[in-house]
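> here's a sequence, model it:
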Amino acid sequence: MAGVTLRRLLRTAIENNASDLHVQAGSPPLVRIDGRVRYVDCAALEAEDLCEFADLVLDDISAGILAREGSCDLAYAFGADARFRVNVFYQAGSPALAFRRVHAHIPTFAELNLPSALQQIACLRRGLVLVAGTTSSGKSTTIAAMLGHINRTYARRVITIEDPVEFVHQSRKSLVAQIEVERDTRSYEDAMRHVLRQDPDVLMVGEMRDLASVRVALRAADTGHMVLATVHATNAQQTVERIIAMFDPAQHNLLLTQLALNTAAVIVQRLAHARAGGRLPVCEIMRGTGTVRKLILENRVRAIPQALVNRDQGMQSFDQHLEELFKQRKITADEALHLATNAESLTMALRGFSTRDMEQGLVR
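Numbers count the residues shown, from 1 in each chain. Purely as a prediction, here's the structure:
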């Protein structure tokens with residue numbers, strides 16, 4: 001791959017359906033495909049290459065942030081084919097860039113193989129809906145699917161606050177405004193302070209990253225809006241615990257009341273390797289049922305996992321979804337057990353399948 005250019009590297013990432021591309025001086029470029037990383041077949045990049053790549057993606061606003069803070073996030077459009085969320089930073093004295101691909105197409109629930117319960121959640125008119133998971137678990141894509149469904153189906157006023165804007169939503173039945181931090185507003189805090197004056201029905205606030213964003217999100221949900229946000233957490237219980245931990249203990253009684261009244265759903269996502277190739281979302285879903293609200297109000301958050309097994313109310317645990325995906329022959333037993341919350345219990349459930357399945361190697 002002689003004469004490597006940023007355009008060629010991005011094209012290589014797209015052609016190989018890579019989710020990420022990493023470039024830094026002293027190493028060949030690295031791509032992530034189906035969660036696994038591998039080097040691109042070319043020579044190690046030089047510092048001059050990285051300076052050139054940075055110049056291509058940075059505009060004046062982003063360059064100013066990089067000079068001031070040593071790192072910046074931005075969106076980079078690559079023709080009509082794709083958009084990338086880019087983080088530019090410094091390492092060993094030269095720029096380095098991390099590209100995350102954002103598809104131009106707004107995906108549907110069916111295309112993402114998401115549970116039907118998420119479509120029901122997207123129909124809600126009010127309440128706090130949190131999409132949680134670790135880094136690279138597909139949180140942003142799931143929220144994009146939810147917003148896309150709202151936009152195609154309902155006449156609503158939708159406002160997003162993002163850093164940077166990832167999926168671009170063209171207004172359809174809904175009127176969508178997408179506010180980008182540093183470009184359209186000085187900060188998340190400024191945008192959040194003014195957004196409730198802009199008559200939103202649906203508000204997407206990106207990541208609940210601090211106390212200020214949590215306060216505004218709860219206030220918006222408390223005043224009758226639907227609020228979508230992401231949280232870095234590994235399960236529904238931890239999602240609620242993380243929000244509680246942001247507040248001073250003296251404020252917990254009021255917070256627990258607000259959370260109990262306004263939490264409409266928590267969706268926690270992991271990605272499983274599919275038998276047919278690619279990856280599939282595995283979802284834990286908590287709904288704001290009477291039982292869940294009571295557990296939050298009484299600060300018995302540790303009991304949330306036991307409440308999730310009630311699938312009649314649109315909830316499910318990770319292990320229930322893994323068992324379902326295995327039954328549908330979409331994932332192997334090894335993959336299900338690798339992602340399971342309780343591997344021992346799931347092993348017993350999977351062994352209940354037929355001898356034929358065991359002979360095919362679906363159950364070990």
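> how close does the residue nearest the centre of the chain get to residue 234?
Centroid check for the chain by Cα atoms, centre = their mean gives residue 139 as the closest residue, at 1.3 Å. Computed as Cβ to Cβ, to the nearest Å, the residue 139 to residue 234 distance reads 12 Å. For every residue, glycine as well, the C-beta is placed using N, CA and C.
> against residue 15, how distant is the closest residue to residue 246 other than its chain neighbours?
Spatially, and ignoring its direct neighbours in sequence, residue 246 is nearest to residue 211 (5.0 Å; Cβ to Cβ, 6 or more residues apart in numbering). According to Cβ to Cβ, residue 211 and residue 15 sit 44 Å apart.
> with neighbour numbers in mind, choose between the two.
Using other Cβ atoms under 10 Å as the criterion, residue 211 and residue 15 rank with residue 211 on top: 13 against 8.
> ok, that one touching residue 247?
Yes - with contacts counted by Cβ atoms under 8 Å, residue 211 reaches residue 247, the gap being 6.9 Å.
> what are the boundaries of the strands in the stretch 51-200 of the chain?
If DSSP state E, counting those that start in this stretch is used as the criterion, the strands of the stretch 51-200 of the chain fall at 71-78, 82-91, 94-103, 127-133, 157-162, 175-180.
> so what does the first one touch, helix or strand wise?
Right, strand 71-78. Where contact means 3 or more Cβ pairs under 8 Å, 6 or more residues apart in numbering; DSSP states H and E, strand 71-78 is packed against helix 60-69, strand 82-91.
> can you pull the contacts of the residue nearest to residue 175 when sequence neighbours are not counted?
Nearest-residue entry for residue 175: residue 157, 5.4 Å, with adjacent residues in sequence omitted and distances by Cβ to Cβ, 6+ apart. Going by Cβ atoms under 8 Å, 6 or more residues apart in numbering, residue 157 touches 174-175, 177, 198-202.
> can I get the longest helix anywhere in the chain in PDB? Just the C-alpha atoms.
Ranked by residue count under DSSP state H, the longest helix found in the chain is helix 139-153. Taking Å, rounded to 0.1, in the frame of the first residue of the first chain, the C-alpha atoms of helix 139-153 are listed here in PDB:
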ATOM      1  CA  LYS A 139     -25.000   3.000  22.300                       C
ATOM      2  CA  SER A 140     -24.900   5.900  19.800                       C
ATOM      3  CA  THR A 141     -26.300   3.700  17.000                       C
ATOM      4  CA  THR A 142     -29.200   2.400  19.100                       C
ATOM      5  CA  ILE A 143     -30.100   6.000  20.000                       C
ATOM      6  CA  ALA A 144     -29.900   7.000  16.400                       C
ATOM      7  CA  ALA A 145     -32.300   4.200  15.500                       C
ATOM      8  CA  MET A 146     -34.700   5.400  18.200                       C
ATOM      9  CA  LEU A 147     -34.600   9.000  17.000                       C
ATOM     10  CA  GLY A 148     -35.000   7.800  13.400                       C
ATOM     11  CA  HIS A 149     -38.100   5.900  14.300                       C
ATOM     12  CA  ILE A 150     -39.500   8.900  16.100                       C
ATOM     13  CA  ASN A 151     -38.600  11.100  13.100                       C
ATOM     14  CA  ARG A 152     -40.300   8.800  10.600                       C
ATOM     15  CA  THR A 153     -43.400   8.100  12.700                       C
END
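> contact partners of it?
Helix 139-153 is contacted from outside by 102-103, 106-109, 111-112, 114, 118-119, 121-123, 129, 131-133, 156, 158, 160, 166-167, 169, 171-174, 176, 202, 204, 228, 230, 267, 269, 281, using Cβ under 8 Å, 6+ apart.
> ok so, going back, minimum distance to residue 21: which of the strands of the stretch 51-200 of the chain has it?
Nearest to residue 21 among the strands of the stretch 51-200 of the chain is strand 94-103; the distance by Cβ to Cβ comes to 4.2 Å.
> pull up the pairing partners for that closest one, direction included.
Strand 94-103 sits in its sheet next to strand 20-23 (antiparallel), strand 82-91 (antiparallel), going by DSSP bridges.
> select, out of those, the one closest to residue 46.
Comparing the strands paired with strand 94-103 by Cβ to Cβ, strand 20-23 comes nearest, at 11.0 Å.
> list the buried residues for the closest one?
By 16 or more other Cβ atoms under 10 Å, the buried positions in strand 20-23 come out as 20-23.
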